[in-house]
Structure formats: structure tokens, C-alpha cells
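Colleague: Build me a model:
(chains A, B, C and D)
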There are 2 protein chains.
Amino acid sequence: MVTIKEIAETVGVSIATVSRVLSNSSYPVSQDTRARILQVAQDLGYSPNLAARSLRTDQSTLIGVILDNFTSSWAPIIIRGLQDVFHRRGYFSLVVNMPWEIHSQSDVVQNLLGHSVDGFVFVETWHTVSERKDLLNTKPYVTVHRLFHEPDPYSVIPDDVYNSSLTIDHLTKLGHKRIAYIAGHEAYFSSEERLTGYKQSLEKAGLSFDESLIYRGNWSVPSGYQCTQELIQKSELPTAIAAANDQMAIGAILAVQEHGLRVPEDIAIVGYDNDEIAQISNPTLTTVQMPLFKMGQIAAENLLCQIDKKPCETTEQLIKGDLFVRQSCGDPQGKDIHASDFMREGNGAFVNRHTLKEDT
Amino acid sequence: MVTIKEIAETVGVSIATVSRVLSNSSYPVSQDTRARILQVAQDLGYSPNLAARSLRTDQSTLIGVILDNFTSSWAPIIIRGLQDVFHRRGYFSLVVNMPWEIHSQSDVVQNLLGHSVDGFVFVETWHTVSERKDLLNTKPYVTVHRLFHEPDPYSVIPDDVYNSSLTIDHLTKLGHKRIAYIAGHEAYFSSEERLTGYKQSLEKAGLSFDESLIYRGNWSVPSGYQCTQELIQKSELPTAIAAANDQMAIGAILAVQEHGLRVPEDIAIVGYDNDEIAQISNPTLTTVQMPLFKMGQIAAENLLCQIDKKPCETTEQLIKGDLFVRQSCGDPQGKDIHASDFMREGNGAFVNRHTLKEDT
DNA sequence: ATGAAAGCGCTAACAA
DNA sequence: TTGTTAGCGCTTTCAT
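Modeller: Numbers count the residues shown, from 1 in each chain, chains lettered A, B, ... in the order given. Alright, predicted model coming up:
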């Protein structure tokens, strides 16, 4: 590996001057020598030894990214958003999976601290602020998509109330007046927010809230299926079912269809997440997508802002998502619906995981 | 941050002795002082400055992990496998997404080299050996799940021929004699391997290969749908369709059902990947799962082996997957099939992305 | 505008 | 068995 010493020798200047140029210091260096140094560095294929720089400056341009569950559908997209900003600013991230249950937190954080990371990002995490504060050794941190209830000033979260309303408003606009709701697991902060969105939309539409229309699932397909089975046993069927995620919505579709009822003709269904399955189910699912990529970007900006000790946002940031209208609520224009509709060429919405699900 | 100097002072020994103990050097240190140093290090919450160590030893305990597409279904599981081994051995990984198309490779690799990474892992990559050899600056590397055709000595790949045979054997054992095949995109190495597995299974079962039963998709649901539409136009229907991935298999199911045919009663269908959708489709999909977690572990072991300059495997390692029998080929016991079957409590196979899809 | 030199925390060669 | 010291590559203070 080529060092500044080598460059200094070939150019015929001191290492100090080379360092000034190559570390973008604001220190004055003549245009001429600057140019020559840059040229030689380029020719020799110089790239700075970051360990040495880190040792000297106590800054590593390394960020510790801690995930509760790497293999969730959302985490990779959030990470892409984070890295989009980090890489542009010359930061790399040490990504580690660290399930909440296993209490190896301190070990991992210790180790990350050993690498002199400049800050931490917690993604889809259950670690509350209070739990981790002492661990972090005063390094700045930010949380993307916190799962716990306790508020966290440095967190970026989806605007679940708004997003949920988007789906329910869609239903009320289509004339639905009796809308059942399958809520998510109650331990999750999102669950309550989404339920709140449901309530707000009903109120907006002048509909009264009916406790008996609320069911509680655990995010899984079977739980959506179970809730819908119970719901169908009841005397008066709703005309629509909203679920707190796509998985449960799929469960609802399967249950409804098993009873010989049609979606959306007899019962309309909306989900939440715009998970891959929303495009593959039959009928395809109308749902809302969280702006995960953007959430990652915003969180990264905020962290770098803290690292640079510039004034930055210190309150939770809520980010709005977008509605994806598909077949499961019926076509507002009243056209017939076939499974093949979304298979036709040119129906651009189709994306699979071979391509990037980059949010807008 | 506490340093060895501090520890040396409190214990009353030289920093060299402290270093010897704390860097697990084989150098002899008396039991007594060793114990005292360890104790003090523990009390003070010492963790080594890895940048300093790296500067001195030219080893960083950092691995560069380069992915073509972070948001694929498989990449996160492979990474979990890699990290399972890396973390146990004290290594962290710098995970970066680097699409093949964008020619920023050298920049990123340069930067990673600046962090003195001890080696590289390429995950689901299109970068061939020849393309990257010069970039890596003699650092060892390993490839997990290469996508290109050119063989690569240091790569760990799924045994696609074997895995594919698993699905076709399942069909021939159920008595199918006319089996159509929807192959994957031809640019992918896997596509040809899986097709080979299909051919081998036919031969094993004494069935002749019929070119007209082979269709070529591009991995997407719509492409599986299209191929199946064409196939159905033909005079003689097959009794089974095998697809090179689950997405295309789902497309096939939708096309078959649209023609009023039943799966599996009229046409049996198998997929490949055991993607999340395989458990959610109606009927659920019989498919095969690549041992992604294990592939990651094996690749990591191999890389560390190279880093330690120990003798290690230098030929491609093919890893076998497992068959998951669900509804789409019919129940060998001849029971009736309902959508609700897999919703029942106790049907343990159901996993969603909130839980880890850790391979065995 | 440039150079000399100290020192970040650690390891390892050499000395005792 | 323990200590002293040079030096990894870099930034930065202090001289010039």
C-alpha cells in the first residue's frame, strides 16, 4: 500500500504538505504543489490508511448499525437508505444482527466501540433508549423504525396514523360503512398507531366506532385467517376488512374465499406494508407502503448531523407513506377483475425482489 | 476510553506485559500478573483500540462483504450465516451494496482496502474472478452463490443439480410422466444447473426428454404466467409443471387456475427457493430450499482459513438443500386439500419474516 | 507556504 | 518473566 511518505518523496515535499492536501484540510497550500500532489496520489493509486487516520483523529468514518432482525422484509431497504447517505459522505457501516432476547448487547457494542465507530444506528429495534444510553459511551445514535412504545427523540418512524388512514379513507370513499379491523400484535408501537388511524378515518367519515369490529392478530397469515373466521361467524358481516399488515390481509382473503364469498365483490380488503405478496395474491392487495428507503436516508442525515455537531432535529420524525391501489377493494371505475390483469405487459407496478424496491 | 497504559499504571507493570496478556500472545507471563491484569481490564471496562492494533499488525479483523443486491430474499440469510462465524471469531463485516452495472467497484474496493480489511466476500455476485482479481490487492476472497457461469475456485454454491432433481424426483415418484419445465433466465448459472437436474431426473425415471416441454422465463411471476399460458394452448397438457423458482411457479398456478383447471388435481406444480410466498399461495407450494445460512457459514470458514494461511479447500463447494412438501403436488396419501390446512395450529412449517429463516 | 517533529494506542524486537 | 523502545501512517502544533 502506498503511503503519504512515498508521495512526499516523489513530489519532493514534506509529508505534512501531502497530508494537508490529501485530508482536505483548510490549511493553505499553493495551487501548484497541491495539483502535483493530487496527480501523484492518483498515479500511485493512493488510498489513505484509515486506521492510522482514526488513531490520530479519533474519528473512524465507521458507523455501527445494529439490527434486531436482519432477515425482516424491511431492514435491508432501510439499510440501503442509510448507506445511500453514508457512502456519499465516505462512511462505511458495521452491520450487526443483535436480537433483543440475547443479552450479548454490551459485548457487541463494546467491540464496535473498540472499532471507534462515530455513531450508532438501531434498526427495527426493541432496545429502548434507557436500556442503551449507558452502553453507548456518549456516542451519538439514531433509531429507525422503533418497535417499542417509549418515545425516542432521535428516531425516525413511519407515520402509521396517517398511513393507516390512507387505507381506511380509501374504503370510506368507496362507500363502505361497516369496516372490520384486524390489529397487529399489541407489543408493537405500530399496532396502536395504525388502530388510531382507523379510528380517525371513521370519525372523518362520520362513522361511529364499534368495538366489536376490532380483532387482534399477531401479524401472521394464520392469525389474520383466524380473526376473519371468528368475524364471519358473527351475524352481520362487514363490507370491508382492513388489516394492520399484508400477511394478515392475505389470511383474511383466504378465509373469506373459503366461505364462498368473493373479494372484493362481497368483502373488500386492505393491507399494510406493500410486501411482495401484495402483488402476488389473488386478488392483488390494495395496501400502503412505508417509505423505508427515505426513512433510512433521513436517519443517516440526522446521525451525521450529530456527528458534525451541527444543530439538528431532536424530535421524532414521522414519515408519510403511499397508497397502492390494486384489486382487493374493487376498481373504483367498476371494471371487472381478473387474476390476469396484473400479469399484462406494461402494468409497471410489478416488482420482484430481483430488482430494488427503492422507495420514492 | 481506557488504554493499556492506564491498566499498566494501576497494576504496576509495563505496557508490554499488559499487551502480552490482552492480545492473547503466546509470550509467557506469570499466572499471577496475568490474573491481576485481566481483573483490572475487566474492572475498568477496557476494550482494545482496534485502529491502533490494526495499524501495528496490518490486520483489522474487518471483512468486506460486497453484495450485488442487498434486498434479495437470500442475501440477508447468507449474511447471517457469514456473521455467525465471523462474530464468533471476533471479526466484523463492512457490508456494502454494489450493483454490477454501476462501475464504482474500484472506488468501493479501494475504500475497503483503506480500512485494511483482511478479506472479501462476494455475495450473489456477477463480478467474475478475472474482473476483480487485480482490484483486491492480493487479499483473500470467497464468493457465496455466484450468479455467473465462469467457475470460481473459492466459491460456495447451492447444489442446483441435486436440488432440482429433488423436486422432479418427487413428481416422478407420484407417477407423473409428462412434466413441463419453466427454466430461469439464461444469464444465470443456476438456470442451466437446474435444467440439468430436471434432465437427470427424467433419465433416472426412464422418461425421455422432450424439448417442446421446456419454456424459458425470467424468474418473475408474470413470466411464469406467460409460459404456462403458451403451454396450455398446446394440444397435449402435461400432468405437472416444474418451475426454476417459486415466483414463476406462482405464475403457473394462477394461469392454470384461470383456465378452470385445479392444482394439484389436474396439474401438479413444484417451485424452487422456498420463498415466503410458497407458504401463502393457494395451494401452498412444494419446493426446495437452498441452505443459505450454511452456505454463508462455510464461506466464512473458508475465508478465515485463507486469512490464517492454513491449508484450505480450493475448489467450489456445492451444498445440498431440502425438499419442502406442501399442497401443490397433491398429498401422496390421497387426502383432500383445503386452503385452511396449513392454517391449523401445530402445522409447524409456517414461518414468516418476523422470525428468522435460519437454515439447518 | 512549507517543514520538523510529536504522538494517537498498540505490538514486537531487543535488552535485562 | 518483565521492561524499554521503535515504529505502524497519519494529523497537527509549532517553527521557519
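Colleague: Every contact and neighbour count from this point should use C-alpha atoms.
Modeller: OK.
Colleague: how much space between the residue of the stretch 251-360 of chain A found nearest DNA strand C and chain B?
Modeller: Of all residues in the stretch 251-360 of chain A, the one sitting closest to DNA strand C is A:I307 (19.1 Å; CA to the nearest atom of the strand). Distance of A:I307 to chain B, given as CA to the nearest CA, to the nearest Å: 18 Å.
Colleague: cool, A:W219 as well?
Modeller: Taking CA to the nearest CA, one finds A:W219 at 8 Å from chain B.
Colleague: how near is that residue to DNA strand C?
Modeller: 46 Å (CA to the nearest atom of the strand, to the nearest Å).
Colleague: right, and that residue touches A:N245 too?
Modeller: Yes: between A:W219 and A:N245 there is a contact at 6.4 Å, judged by CA atoms under 8 Å.
Colleague: Please enumerate the shared neighbours of the two.
Modeller: Residues within reach of A:W219 and of A:N245 at once, by CA atoms under 8 Å, 6 or more residues apart in numbering or on different chains, are A:G184.
Colleague: Please identify which of those two sits among more neighbours.
Modeller: A:N245 (28 against 24; other CA atoms under 10 Å in any protein chain shown).
Colleague: Go ahead and confirm that one touches A:Y272.
Modeller: Yes: using CA under 8 Å, A:N245 is in contact with A:Y272, at 4.2 Å.
Colleague: What backbone torsions are found at the residue of the stretch 251-360 of chain A closest to DNA strand C?
Modeller: When read as degrees, to the nearest 10, the backbone of A:I307 gives phi -60, psi -40.
Colleague: Low-confidence ranges, chain A, go.
Modeller: Residues of chain A meeting the criterion pLDDT under 70: A:100-105, A:331-360.
Colleague: now with 80?
Modeller: Within chain A, the segments meeting pLDDT under 80 span A:99-106, A:128-135, A:137, A:235, A:331-360.
Colleague: is the helix or strand encompassing A:N111 anywhere near chain B?
Modeller: For A:N111, the host element (DSSP states H and E) is helix A:105-114. Yes: applying CA under 8 Å from any CA of the partner chain, one finds helix A:105-114 in contact with chain B at A:Q110, A:N111, A:L113, A:G114.
Colleague: Surely the residue of the stretch 251-360 of chain A closest to DNA strand C and A:F120 touch.
Modeller: No: between A:I307 and A:F120 there is no contact under CA under 8 Å: 10.3 Å.
Colleague: list residues touching both of the two?
Modeller: Common neighbours of A:I307 and A:F120 are listed as A:P140 (criterion: CA under 8 Å, 6+ apart).
Colleague: mind listing what the residue positioned nearest the centre of chain A touches?
Modeller: In chain A, the centroid-proximal residue (CA atoms, centre = their mean) is A:L292; its distance is 3.2 Å. By CA under 8 Å, 6+ apart, the residues touching A:L292 are A:W74, A:I77, A:I78, A:G81, A:P158, A:D359.
Colleague: do that again at 10 Å, thanks
Modeller: A:74-82, A:144-145, A:156-158, A:298, A:319-321, A:357-360 (CA atoms under 10 Å, 6 or more residues apart in numbering or on different chains).
Colleague: got it, and A:V21?
Modeller: A:V21 makes contact with A:I15, A:Y27, A:P28, A:V29, A:S30, A:T33, A:R34, A:A35, A:I37, A:L38, according to CA under 10 Å, 6+ apart.
Colleague: Can you report how many residues lie near the last one?
Modeller: Here the count is done by other CA under 10 Å, and A:L38 has 16 residues near it.
Colleague: that's a strand at it, yeah?
Modeller: No: counting by DSSP: H, G, I helix; E, B strand; the rest coil, A:L38 is not part of a strand but helix.
Colleague: can you give me the helices in chain A?
Modeller: Here chain A has its helices, by DSSP state H, at A:4-11, A:15-22, A:31-44, A:50-57, A:75-88, A:105-114, A:129-133, A:160-173, A:189-204, A:221-233, A:246-258, A:292-307.
Colleague: wait, does the last one contact DNA strand D?
Modeller: No: shown here: helix A:292-307 not in contact with DNA strand D (CA under 7 Å from any atom of the strand), separated by at least 14.7 Å.
Colleague: Please compute how far that helix lies from its chain's middle.
Modeller: 11 Å (CA atoms, centre = their mean, to the nearest Å).
Colleague: mind listing what's buried in stretch A:31-39?
Modeller: A:T33, A:R34, A:R36, A:I37, A:L38 (16 or more other CA atoms under 10 Å in any protein chain shown).
Colleague: Distance check, the last one against B:L112.
Modeller: Distance from A:L38 to B:L112, counting by CA to CA, to the nearest Å: 20 Å.
Colleague: quick one on the thing from earlier: more neighbours: A:I307 and A:F120, which one.
Modeller: The neighbour count for A:I307 versus A:F120, taken as other CA under 10 Å, is higher for A:F120 (24 against 16).
Colleague: For that one, give me its contacts.
Modeller: For A:F120, the contacting residues are A:62-66, A:93-94, A:109, A:112-113, A:136, A:139-143, A:300, A:303, by CA under 10 Å, 6+ apart.
Colleague: For A:S116, which non-adjacent residue is spatially closest?
Modeller: Excluding the flanking residues, the one nearest A:S116 by CA to CA, 6 or more residues apart in numbering or on different chains is A:S60, at 5.9 Å.
Colleague: right, I mislabeled it, should have said A:E193
Modeller: Nearest non-adjacent residue to A:E193, counting by CA to CA, 6+ apart: A:V161, 5.1 Å away.
Colleague: State the number of residues packed around the residue of the stretch 251-360 of chain A found nearest DNA strand D.
Modeller: At 13.3 Å from DNA strand D, A:D308 is the closest residue in the stretch 251-360 of chain A, using CA to the nearest atom of the strand. Close neighbours of A:D308, defined as other CA under 10 Å, add up to 10.
Colleague: and if you look at A:I15?
Modeller: Count around A:I15 with other CA under 10 Å applied: 16.
Colleague: what residues are up against it?
Modeller: Contact partners of A:I15, counting by CA under 10 Å, 6+ apart, are A:T3, A:I4, A:K5, A:E6, A:I7, A:A8, A:E9, A:V21.
Colleague: unless I'm mixing things up, the first one is touching A:N49, no?
Modeller: When you say that, I think you mean A:T3. Yes: counting by CA atoms under 10 Å, A:T3 touches A:N49, with 7.7 Å between them.
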